[in-house]
Each structure stands twice: as structure tokens, then as C-alpha cells.
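1. Sharing a model that was predicted from the sequence below.
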Amino acid sequence: MKKLVMVFALGAMLGSCGSDPADIEVKSLDTPCACAEAGVAVLKEMADFKQQFEDLGEEPSEEKMKELQADAKVYEDKLEEIQSKCKGDLDPTKAEDCPAAEEMMTLVKEIGL
């Protein structure tokens, strides 16, 4: 019985590590650092999409462009949702001792937002 519980606990921990940033529950963000961490997760996905767009070259197929744009829209919407929630006291720039806040600012500049 003890081994079974440990297997389930390990499975839950490993399963939560690879979650999609699009699944972030924005209403649960309750600190500036949590907002920054959520922002970093989404911005990293957006940086990946930016790279994919650049990798398409000068004349990508219309089908591939539409596919990438649809996929990227999910993360753009999630970022807007995070920005709407994380204002005032939850503003990531107010996060103290939070490495994610600095990383978030770096990613924003890198992506060009």
C-alpha cells in the first residue's frame, strides 16, 4: 500500500512539471512573483513561436502561417489575461527577491513586446 501511494505521488509530481502555460489558472495568481512566473512561462512559449515564424523563411505556405498563428494566439490571449489580473499590488515589477521578474523583463525585450 505504501509503495502504491508513493507511485501515485511521484506520478503527480512528474505530471505537473510539464504542464502547458496555456493552462495556467490566472485567478490563482496571488503575488507579484506568481504573476512574473506565469508571465515567464507564457513568454517562453511566445519566444518559441517567434523563432518558428522566423524559421519559415521569406515565403512560408499560407497553411503553415495560419496554423502557427492559431497556435500562438492561445498564448497571446493567456498573456493578456495575466496582464489584466496582474496590476496594482500584483504588478510583477513590484516582486522582491524574485528571479522570474527579471527574466520576464528580459523576455519582453527579447520578443519585442
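-> Perfect, thanks for sending it. Numbers count the residues shown, from 1 in each chain.
2. center of this protein - which residue?
-> Within the chain, the residue whose C-alpha comes closest to the C-alpha centroid is residue 42; the distance, by CA atoms, centre = their mean, is 1.7 Å.
3. do you know how far residue 38 is from residue 113?
-> Computed with CB to CB, to the nearest Å, the distance linking residue 38 and residue 113 is 15 Å. For every residue, glycine as well, the C-beta is placed using N, CA and C.
4. and residue 64, what is it in contact with?
-> With contact taken as CB atoms under 8 Å, 6 or more residues apart in numbering, residue 64 is in contact with residue 56.
5. these two touch, right, the residue nearest to the centre of the chain and residue 81?
-> No: taking CB atoms under 8 Å as the contact criterion, residue 42 and residue 81 are not neighbours in contact, 9.2 Å apart.
6. Buried ones in the one helix or strand residue 34 maps to, by neighbour count?
-> Take DSSP states H and E as the rule and residue 34 turns out to sit in helix 32-55. Within helix 32-55, the residues that qualify as buried are 32-43, 45-46, 49, counting by 16 or more other CB atoms under 10 Å.
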